[in-house]
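> heads up, no residue letters with this:
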DNA sequence: ATTTGTTATAACCTTAGTTGTTACAACGTA
DNA sequence: TACGTTGTAACAACTAAGGTTATAACAAAT
């Protein structure tokens, strides 16, 4: 299966806040319109992004604001904050290998560290990419469209 | 979400065939007992592993046999053969970003190649791991247990 | 103090995907 | 032909994701 769209929605949300926070009141409604989803979905993401200390969200009056430079938030940080995979494991292991069979009783020993190497390689690459990189690509694209 | 257990079951299946093919008739029932699942699940995996030309499966008389050395089958090969992710994309992108919003209309441009870099890093690591590596770890573990 | 617009959160619904199960036809060997 | 097996389809149970509605808590403006 795929990694939840919560990741791409969270990135979209943060880029939205960065792009508009100087000029607009960036509410869950505003973001939801840009992302194309329900405001409650966005509010739940905002709660997680706030818990990770990436943003401030104002109750009552409304609106979200960045607490960190985009440079200092990596794709991994977002992925971790909105927790896209259960129990930190990218791979779902079959749950009842036979303890009677020599293969069955050692399959975890044989596989676990290899799978974790794969997951680490993925997460390492995520750490190398910052939201500032994406904002940069975005600005370029917007320039060209003018 | 997590990557389907079809991957770990397929690896288990291949290691089972490698371990037992000289001494037993390795049927879907036999493998299912070791993996701890239903024989039909295994038969479906066998069909895909056969299509990838990793094994032969005998109709009628029954039993599976390897067609390649474990050395020459990587984790990526298996992952690809049993196709654990839909449409070759590890990440699920939210589907209705607004074309009216400057962020919404460029979000794909900003993100797509970054996500694909991450996926490539993961798959690259998978290519570096062969079933022979796992069989090796397994043999070691079995020795210690004696 | 009340109104207004917002966030926070819980409950629920729908849909889709995975895994497992049953059933049966096709097959090959004895 | 009989037997054990594979191939496949149909379906059921379970789980998870995403969306929706409703409501309470909140903060500022009036």
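Alright, I've got the coordinates. Treat the numbers as computed from the prediction; the structure is a model and nothing was measured.

> What is the lengthiest helix in chain A packed up against?
Identified as the longest helix of chain A according to DSSP state H is helix A:102-127. Here helix A:102-127 touches helix A:75-81, helix B:6-20, helix B:28-35, helix B:102-127, helix B:131-144, going by 3 or more Cβ pairs under 8 Å, 6 or more residues apart in numbering or on different chains; DSSP states H and E. Heads up, the C-betas are built off the backbone N, CA and C, glycines and all.

> One more pass at 6 Å, please.
Applying 3 or more Cβ pairs under 6 Å, 6 or more residues apart in numbering or on different chains; DSSP states H and E, one finds that helix A:102-127 contacts helix A:75-81, helix B:6-20, helix B:102-127, helix B:131-144.

> between the ones you listed, which one is nearest to DNA strand C?
Relative to DNA strand C, the nearest member of these by Cβ to the nearest atom of the strand is helix B:6-20, separated by 4.5 Å.

> Help me see whether the closest one makes contact with DNA strand D, please.
No - judged by Cβ under 7 Å from any atom of the strand, helix B:6-20 stays clear of DNA strand D, getting no closer than 10.4 Å.

> Please tabulate the helices and strands packed on helix A:102-127 in CSV, including the columns distance to residue B:40.
Output for the helices and strands packed on helix A:102-127, formatted as CSV (distance: least, Cβ to Cβ, whole Å):
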stretch, distance to residue B:40
helix A:75-81, 35
helix B:6-20, 12
helix B:102-127, 27
helix B:131-144, 24
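
> so which of the ones you listed is the most packed in?
With neighbours defined as mean count of other Cβ atoms under 10 Å in any protein chain shown, the helices and strands packed on helix A:102-127 peak in mean count at helix B:6-20, which reaches a mean of 24.

> now the angle from that one to helix B:131-144?
Interaxial angle of helix B:6-20 relative to helix B:131-144 (axes from the mean of the first three to the mean of the last three Cα atoms, to 10 degrees): 60 degrees.

> Show the average pLDDT along the longest helix of chain A.
The average pLDDT for helix A:102-127 rounds to 97.

> tell me the angle that helix makes with helix B:102-127.
Using the same axes, to 10 degrees: helix A:102-127 against helix B:102-127 is 140 degrees.

> okay, residue A:87: pLDDT?
Looking at residue A:87, its pLDDT reads 83.

> That one: how many residues sit nearby?
6 (other Cβ atoms under 10 Å in any protein chain shown).

> Spell out which residues of chain A are next to chain B.
Contacts of chain A with chain B, taken as Cβ under 6 Å from any Cβ of the partner chain, map to A:1-3, A:5, A:8-9, A:12, A:15-16, A:19, A:34, A:36, A:85, A:91-94, A:96-98, A:101-104, A:106-107, A:109-110, A:114, A:118, A:121-122, A:125-126, A:129, A:134, A:137-138, A:141-142.

> which residues touch the nearest residue to residue A:45 once chain neighbours are set aside?
Distances taken as Cβ to Cβ, 6 or more residues apart in numbering or on different chains place residue A:10 nearest to residue A:45, at 5.2 Å, with adjacent residues excluded. By Cβ atoms under 6 Å, 6 or more residues apart in numbering or on different chains, the residues touching residue A:10 are A:45, A:78, A:82.

> pLDDT-wise, what's the bottom of those residues?
Across the set of the contacts of residue A:10, residue A:82 stands lowest in pLDDT, at 95.

> residues touching it, list them.
Neighbours of residue A:82 in contact, by Cβ under 6 Å, 6+ apart: A:6, A:10, A:48.

> What of residue A:50?
residue A:57.

> And the residue of chain A closest to DNA strand C?
Of all residues in chain A, residue A:62 sits closest to DNA strand C, at 2.5 Å by Cβ to the nearest atom of the strand.

> Quick one: classify that residue as helix, strand or coil.
Three-state assignment for residue A:62 (DSSP: H, G, I helix; E, B strand; the rest coil): coil.

> count of neighbours near the closest residue to DNA strand D within chain A?
Using Cβ to the nearest atom of the strand, the closest approach of chain A to DNA strand D is made by residue A:60 at 1.8 Å. Using other Cβ under 10 Å, residue A:60 has 4 neighbouring residues.

> Same check on the one 4 residues further on?
Other residues near residue A:64 come to 27 when the count uses other Cβ under 10 Å.

> my guess is it contacts residue A:17, does it?
Yes - under the criterion of Cβ atoms under 6 Å, residue A:64 makes contact with residue A:17 at 5.1 Å.
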